[in-house]
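*Asks:* Sharing a model prediction with you, sequence too.
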Amino acid sequence: MKTTIVGYPRIGSLRELKFESEKYFRGEINEVQLKETAKKLRLENLSEQKASGLDFIPSGDFSFYDGVLDTAFLLNAVPKRYSELDLSTLDKYFAAARGYQGKNGDVKALAMKKWFNTNYHYMVPEIDDNTELKLSGTKPFELFAEALENGVKTKPVLVGPFTFLELARYTGAKNKEDFADSIANVFVEIIAKLSELGAEWIQLDEPYLVKDLTEDDIKLFTNIYKAVLSNKNGVKILLQTYFGDIRDYYNEVCSLDFDGIGLDFIEGKQTLNLVKSNGFPKDKILFAGVVNGKNIWKNNYANSIAVLNELADFTEVVIGTSCSLLHVPYTLKNETKLSDTYKKHFAYASEKLIELKEIKKILESENPLETEEYKANAALFAQPRSGENAEIKDKVQALSDKDFTRLPEFNEREKIQKSKFKLPLLPTTTIGSFPQTTEVRSTRAKFKKGEISAEEYESYIKAKVKDCIVLQENLGIDVLVHGEFERNDMVEYFGECLDGYIFTEKAWVQSYGTRCVKPPVVWGDISRAKPMTVKWSSYAQSLTDKPVKGMLTGPVTILNWSFPREDISLKESAYQIALAIREEVLDLESNGINIIQIDEAALREKLPLRKSDWNSEYLDWAIPAFRLVHSGVKPETQIHTHMCYSEFADIIEDIDNMDADVITFEASRSDLTILDVLKAKNFHTEVGPGVYDIHSPRIPTKEEIKIALNKMLERIPAEKLWVNPDCGLKTRGNEETIPSLENLVNAAKEIRSK
Ligand code: GLN
Ligand code: ZN
């Protein structure tokens, strides 16, 4: 038996590539120095993978920024505005990734999008009518040769032609079909070159196959691959899929002349059944993704071995990861502070290499169940988790319909709240955070390091809250916020106040380019350890007669931005978190906070990749989790929620079903079509579509805000419209924030008076 991985992280176990790239961007090191670091990191990965005995070692999974962007450069799919810049190839590449402003020009970056259902983002390739796809790079060849020089014949990994064409944006009249022949030709050329260099296997990643496809999509896939596979030049081609199953296209895929097919047995809920009910071609090798490439828990060998044994009846099987290990941190070796109680349950990328090796060893031994590796793993999984909390489990068990239903119903509440708050028409508010200046951040850092006392920190934050309230009163805002100065991050802050959460030290995962995130881990059953925000919100409310919004993060967002448990369902974890946040909501209410905002910034993010799974696998618990948080409040308490995007036309009813009283969302960068949908669907929740873009330092004029508001008023009744920026202000400076909000308030006032 052999082992494989789909890909490996590349940012460096201590984020070396991030730091070196940032130095390069600042002009502190040159291209040669940056490339040296990159090479050093690649060789480290290579020797680690070699030492672990991995059979199929990938090459080409390295990237200076993003693998899709690398592919665009390799295929000559680079818009002229970048390729014509008078810069080195690497700098043209970075210009497309990050934008360029300097003596050679001024161009914005390509668009960036989330990579399927992960928190990784790829650069969206742009193809116009003049784009001529042809081989125009050397990365796969250079990296294959580099590894070969270092004693490893790797399996080159490339984003496949089908996924590439599906993910690209077409700015002219031509569409993806028009590029099918040319992209197939380039891949044939790439394969031929790699064959010449000595490659035996090439992996083509086609994750797009786990989405819902049209007949035309499938035709595109088959056309491209019929062409590619009739010119393999003696190289074996592995079609690699991940992030789900390829249910409807399974037989189609199996009928093509691939030499290996990589399937995901973790997220692909139907994968095993597909193989069992349709069989698997004997002349192909099945690359079975049984080790989870997206989560940090140890593999349960008993489960993996059961799957692998079933598959072995059909054909030769290679043991692999479910997707690239890009989505997990590097190594537990860097977690020096985390206790072994936790760590023994974890496997990051480098530990997953060991798991593959152990599974292989177990399967090859005469008495698999008697091997040390198997016994140790079984013993670990037989141990109870230390984080169990029977009381919480019972509470979740006991939930019934009424816990998810807020009474009275919306229309009645709306009347009660209108007469209670007596807000003007088009009430103004913000999304929660005010500028987190370097001073705020460094004061928090000092507190965390013990350089200032808890009292000093608290009085500093209180002073900030006070200034913030005074500022908003002076600006004339109607519904105030406390400013969120006490928060580092909208998930970590809450995680730290919840029992059941744990935090890692170095578990960084690449989010895009040089940006990494360090998601907290849902370890056990979740409960509220202590009040989380009551102190700050009630202090803020004590300073003013205007309503101050309590500010919380919702259960779905908290869960989506964490590493979730695998021993209980996401639904159960979400309900546990919801119950904890619910306690906080009720606590805020009883402490005199009458408006409470529960942010669900990431609600849309984890929608399943196939529409047919949206309800059963996600919305059916995500929306109730949110309802559970607020269903216990009084009719006159107003519940707000916030989303960082406006692309929710397709789940509009579900959003309305969250049963909030007000929802604010991003709208300033979109074309307001969402407002037409709200109107058409008779959306009842009051809405605050953002009137200006906080992601840009630009100060919006009063006039343009008035124009935006007038457009909104054409589609939304004035009684339902709120006026606010499109997201929190924490990344902005005061110098932009204050005049922007001044213009916002004045625009609202002028329209109101009409
Ligand atoms: N209340 C948060 C803030 O204002 C919301 C952040 C977000 O939507 N990402 O910062
Ligand atoms: Zn937001």
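*Replies:* Cool, the structure landed. Ligands and ions are numbered 1, 2, ... in the order given.
*Asks:* Now stretch 34-45: buried residues?
*Replies:* Neighbour-count burial for stretch 34-45, with 16 or more other C-beta atoms under 10 Å as criterion, is recorded at 34, 37-38, 41-42, 45. From N, CA and C alone the C-beta is placed, and that goes for glycine too.
*Asks:* check contacts around residue 371.
*Replies:* With contact set as C-beta atoms under 8 Å, 6 or more residues apart in numbering, residue 371 has these partners: 361-362, 365.
*Asks:* Which members of these are positioned in strands?
*Replies:* Cross-referencing the contacts of residue 371 against strands under DSSP state E gives no overlap.
*Asks:* of those residues, buried ones?
*Replies:* Using 16+ other C-beta under 10 Å as the threshold, 361-362 are the buried ones among the contacts of residue 371.
*Asks:* Among the contacts of residue 371, which one sits closest to residue 609?
*Replies:* Comparing the contacts of residue 371 against residue 609 with C-beta to C-beta places residue 362 closest, at 32.2 Å.
*Asks:* Wait, that closest one touches residue 372, no?
*Replies:* No - Residue 362 is not in contact with residue 372 according to C-beta atoms under 8 Å; the separation is 9.5 Å.
*Asks:* just to revisit the earlier point, kindly reformat the buried residues of stretch 34-45 as TSV containing secondary structure, pLDDT and distance to residue 446.
*Replies:* Compiled in TSV, these are given as follows (DSSP: H, G, I helix; E, B strand; the rest coil; pLDDT from 0 to 100; distance: C-beta to C-beta, whole Å):
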residue	secondary structure	pLDDT	distance to residue 446
34	helix	98	33
37	helix	98	32
38	helix	98	35
41	helix	98	33
42	helix	98	38
45	helix	98	37
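*Asks:* Which positions in the stretch 601-750 of the chain make contact with ligand 2?
*Replies:* Counting by C-beta under 5 Å from the ion, the stretch 601-750 of the chain comes close to ligand 2 at 644, 727.
*Asks:* Excluding chain neighbours, what is closest to the residue in the stretch 601-750 of the chain that ligand 1 sits nearest to?
*Replies:* The stretch 601-750 of the chain approaches ligand 1 most closely through residue 728 (2.1 Å), counting by C-beta to the nearest ligand atom. By the measure of C-beta to C-beta, 6 or more residues apart in numbering, the closest residue to residue 728 outside its immediate chain neighbours is residue 433, 3.7 Å from it.
*Asks:* Based on its surroundings, how many neighbours for that neighbour?
*Replies:* Counted with other C-beta atoms under 10 Å, the burial measure for residue 433 works out to 22 neighbours.
*Asks:* Please report phi then psi for it.
*Replies:* Dihedral pair for residue 433: phi -90, psi 150, per degrees, to the nearest 10.
*Asks:* For it, give me its contacts.
*Replies:* Each residue near residue 433 by C-beta under 8 Å, 6+ apart is listed here: 481, 483-484, 487, 728-730.
*Asks:* Compile those residues into CSV and extend it with columns for distance to residue 587, secondary structure and pLDDT.
*Replies:* Listed next are these as CSV, based on distance: C-beta to C-beta, whole Å; DSSP: H, G, I helix; E, B strand; the rest coil; pLDDT from 0 to 100:
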residue, distance to residue 587, secondary structure, pLDDT
481, 18, coil, 98
483, 20, strand, 98
484, 18, coil, 98
487, 18, coil, 94
728, 23, coil, 95
729, 26, coil, 96
730, 24, coil, 94
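*Asks:* Kindly indicate which of those lies nearest residue 459.
*Replies:* Within the contacts of residue 433, distances to residue 459 taken as C-beta to C-beta reach their minimum at residue 483, with 15.2 Å.
*Asks:* Would you mind measuring from the closest one to residue 430?
*Replies:* Taking C-beta to C-beta, to the nearest Å as the measure, residue 483 and residue 430 are separated by 9 Å.
*Asks:* The two - which one has more neighbours?
*Replies:* Set side by side, residue 483 and residue 430 show unequal neighbour counts under other C-beta under 10 Å, the larger going to residue 483 at 29 against 26.
*Asks:* Show me where the stretch 51-200 of the chain has its strands.
*Replies:* 58-59, 100-102, 105-107, 112-114, 121-123, 126-127, 155-159, 169-170 (DSSP state E, counting those that start in this stretch).
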